[in-house]
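Engineer: Make a model of this:
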Amino acid sequence: MDTGMIRGLGTVVVMLAFIGLALWVFSGRRQQDFDEAAQLPFADEPQPAEPAQPPQERP
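Structural biologist: So this is what the prediction gives:
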């Protein structure tokens, strides 16, 4: 095997890995996992308090 053949095989391996990774990322089965991961930065924020109701006037 010469250097050109090894480089060609390396290119094919990297291309197949890229295609496999792209298919894995964009598959519909992973959508829920990625949606949960997208919310992680907001997980430690406190929930907003409910606004206090104004006092009711008595007639």
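Engineer: Please tell me how far residue 27 sits from residue 16.
Structural biologist: Note on residue 27: its distance to residue 16, by CB to CB, to the nearest Å, is 16 Å. From N, CA and C alone the C-beta is placed, and that goes for glycine too.
Engineer: can you list the residues that contact the top helix by length along the chain?
Structural biologist: Longest helix in the chain by number of residues (criterion: DSSP state H): helix 3-25. Contacts with helix 3-25, where a contact means CB atoms under 8 Å, 6 or more residues apart in numbering, come from residue 30.
Engineer: Restrict that helix to CA atoms and write it as PDB.
Structural biologist: Listed next in PDB are the C-alpha coordinates belonging to helix 3-25 (Å, rounded to 0.1, in the frame of the first residue of the first chain):
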ATOM      1  CA  THR A   3       0.600   6.700   0.800                       C
ATOM      2  CA  GLY A   4      -2.100   7.700  -1.600                       C
ATOM      3  CA  MET A   5      -4.100   4.500  -0.900                       C
ATOM      4  CA  ILE A   6      -3.900   5.000   2.800                       C
ATOM      5  CA  ARG A   7      -5.000   8.600   2.500                       C
ATOM      6  CA  GLY A   8      -7.900   7.600   0.300                       C
ATOM      7  CA  LEU A   9      -9.000   5.000   2.800                       C
ATOM      8  CA  GLY A  10      -8.700   7.500   5.600                       C
ATOM      9  CA  THR A  11     -10.900   9.900   3.600                       C
ATOM     10  CA  VAL A  12     -13.500   7.300   3.000                       C
ATOM     11  CA  VAL A  13     -13.600   6.300   6.700                       C
ATOM     12  CA  VAL A  14     -14.000  10.000   7.800                       C
ATOM     13  CA  MET A  15     -16.700  10.500   5.200                       C
ATOM     14  CA  LEU A  16     -18.700   7.500   6.400                       C
ATOM     15  CA  ALA A  17     -18.300   8.600  10.000                       C
ATOM     16  CA  PHE A  18     -19.600  12.100   9.100                       C
ATOM     17  CA  ILE A  19     -22.600  10.700   7.200                       C
ATOM     18  CA  GLY A  20     -23.400   8.300  10.100                       C
ATOM     19  CA  LEU A  21     -23.100  11.100  12.700                       C
ATOM     20  CA  ALA A  22     -25.400  13.400  10.500                       C
ATOM     21  CA  LEU A  23     -28.000  10.600  10.200                       C
ATOM     22  CA  TRP A  24     -27.800  10.000  14.000                       C
ATOM     23  CA  VAL A  25     -28.200  13.700  14.800                       C
END
